[in-house]
Every structure is written in C-alpha cells, then in structure tokens.
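Participant: coords please:
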Amino acid sequence: MKRGFLLLVAIAANAAAQSPTDTTGSLVDRAARQYRAAKSVRAAFEQTLSAPATGGVHPSHGDYVQSGSKFALRFTDPAGDAIVSDGKTLWLYLPSSAKGQVLKMPSQAGAGLDILTQLLAAPKDTYSSARVGDETVDGRATTVYTLSPKKKDFPFTRAKLWIGKSDALIWQLETVEESGLNRKVRFTSVQTDVDLSPDAFVFNVPAGVRVIDSNSLLGKKP
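Facilitator: As a prediction, this is how the structure comes out:
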C-alpha cells in the first residue's frame, strides 16, 4: 500500500553546538513544540518505499496537508491515489493498486499513516534521540538525528530526521517498520500556518467506485 506523509519542524539556532547524544532540549524536542504550535502544514514530497522481503521498490510523489487531527496525501505519481483523514473518517483510495474501490475506516485507523504526529507528538517521551552528524540535502545543510522508540508498540522500529540548519525544517526523513518496510521521504517544499482550501480534507467518492466500509466487514454498524 502506498503511503505517504510529511514533516515540518522549526528550531532555535546553535544546533551545531549540541552534543551528539544530547536529548535534553535537543533540536527534535524544540521542533516538536514548533510543530504542535503550527495551525497548518503544506508540503510537496518525494517518497520511496522499499520492502526487503520482496525486493520491491516503489517511488511516488505528491502533496501533503495537515491541520490538527486532519491530514491528506494526494499523489501525482501514482496519479489519483489519495489518503485522506477528515477527523472522523480515513479514506484510502489507491486506484494504482486497488482499482474501483475505496476503503472507509475510522480516523484512528490512520495513526500509523500519520508519520508527522507519530514522530513529533511527544518525541522526548516516546523516543531516544541522538545527533549523528551533518549532511547536505539538495544543497541544504542539515543536522541528522536518529530516533529509537522506547516502547514496543510503536509503528516504527527506528527513524532518522534531516533537520535544516538555516530554516529549521525537516527536509528528509526515513522510517523502518516492524515488517522491515523502509520509507524514505524527501521534501521539496514546506510551508506552515498557511490558509488551506475548505475541501483540503474532503474526499469525494468518484463515480462508479465501490465504498468498502471496514465497520461492515467487522459486523459493526457503518
């Protein structure tokens, strides 16, 4: 399943002065505070999913928006694919791999798809972070952090963030899931506190597309 998501962070200066293993007041913690304070996020991303078990590699790119508990990923490649959470319902529409249908699920089912929140909601409580060095991403100087979960029930076994030194944004991230699935996301643009269109988190079921309600599958009322 193609998934995608995005991330933004803002931090104070003096990143380079921090110890590689300093987690108290680190860039990641300050970034999380900035993320939680942002009323909205808009970003363009390029993603690569790699499955070691099968050797499959799936590139994609698209646009991401988020505001509070709502988020949406609308892919331009594969064109038409979309993952939309409107705060109550999660819609998974992936015609590139599952034509003629859209999966309707409770919004909480999308927690694992919302990488932004998973990594930045409470990083100090949920992850051990370490500064591992400096790298350049698309000509931007970044500081690199690794995150290791403190609990076993998190969707990622490890993660890595590339945080811009001058603009305080995450320009690249990488996560590894329990299954071994590796996701690498590079952001080509990031904006915060932007005005989003009223239909940014609305999914309109295309004509002729069958809605598969997960509640119905489980014998619950839709």
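
Participant: Only C-alpha atoms from now on, for both contacts and neighbour counts.
Facilitator: OK.

Participant: What helices and strands are in contact with the strand or helix carrying residue 133?
Facilitator: Element membership of residue 133 [criterion: DSSP states H and E] is strand 127-137. Packing partners of strand 127-137 (3 or more Cα pairs under 8 Å, 6 or more residues apart in numbering; DSSP states H and E): strand 140-149.

Participant: could you pull out the strands for the protein?
Facilitator: 41-51, 56-67, 70-77, 79-85, 89-93, 101-106, 127-137, 140-149, 156-164, 170-177, 182-192, 210-213 (DSSP state E).

Participant: Provide the strand pairings for the strand holding residue 133, with the direction of each partner.
Facilitator: strand 140-149 (antiparallel) (DSSP bridges).

Participant: Residues contacting the partner strand, please?
Facilitator: Under the criterion Cα atoms under 8 Å, 6 or more residues apart in numbering, residues 15-16, 28, 126-136, 156-166 lie in contact with strand 140-149.

Participant: circling back to that earlier point, can you lay out the strands of the chain as CSV showing distance to residue 35?
Facilitator: Formatted as CSV, the strands of the chain follow (distance: least, Cα to Cα, whole Å):
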stretch, distance to residue 35
strand 41-51, 9
strand 56-67, 11
strand 70-77, 14
strand 79-85, 18
strand 89-93, 22
strand 101-106, 24
strand 127-137, 16
strand 140-149, 17
strand 156-164, 13
strand 170-177, 11
strand 182-192, 9
strand 210-213, 32
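
Participant: Next, format these as JSON lines and append mean neighbour count.
Facilitator: As requested, the strands of the chain are exported to JSON lines (neighbours: other Cα atoms under 10 Å):
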{"stretch": "strand 41-51", "mean neighbour count": "20"}
{"stretch": "strand 56-67", "mean neighbour count": "19"}
{"stretch": "strand 70-77", "mean neighbour count": "22"}
{"stretch": "strand 79-85", "mean neighbour count": "21"}
{"stretch": "strand 89-93", "mean neighbour count": "24"}
{"stretch": "strand 101-106", "mean neighbour count": "19"}
{"stretch": "strand 127-137", "mean neighbour count": "17"}
{"stretch": "strand 140-149", "mean neighbour count": "20"}
{"stretch": "strand 156-164", "mean neighbour count": "23"}
{"stretch": "strand 170-177", "mean neighbour count": "22"}
{"stretch": "strand 182-192", "mean neighbour count": "19"}
{"stretch": "strand 210-213", "mean neighbour count": "15"}
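
Participant: Any idea which of those strands gets closest to residue 118?
Facilitator: The closest approach between residue 118 and any of these, judged by Cα to Cα, belongs to strand 156-164 at 8.9 Å.

Participant: and that closest one with strand 170-177, angle?
Facilitator: 170 degrees (axes from the mean of the first three to the mean of the last three Cα atoms, to 10 degrees).

Participant: Determine the set of other helices and strands touching strand 156-164.
Facilitator: On a contact count with 3+ Cα pairs under 8 Å, 6+ apart, strand 156-164 meets strand 140-149, strand 170-177.

Participant: how much does that strand deviate in direction from strand 182-192?
Facilitator: Calculated by the same axes, to 10 degrees, strand 156-164 forms an angle of 40 degrees with strand 182-192.
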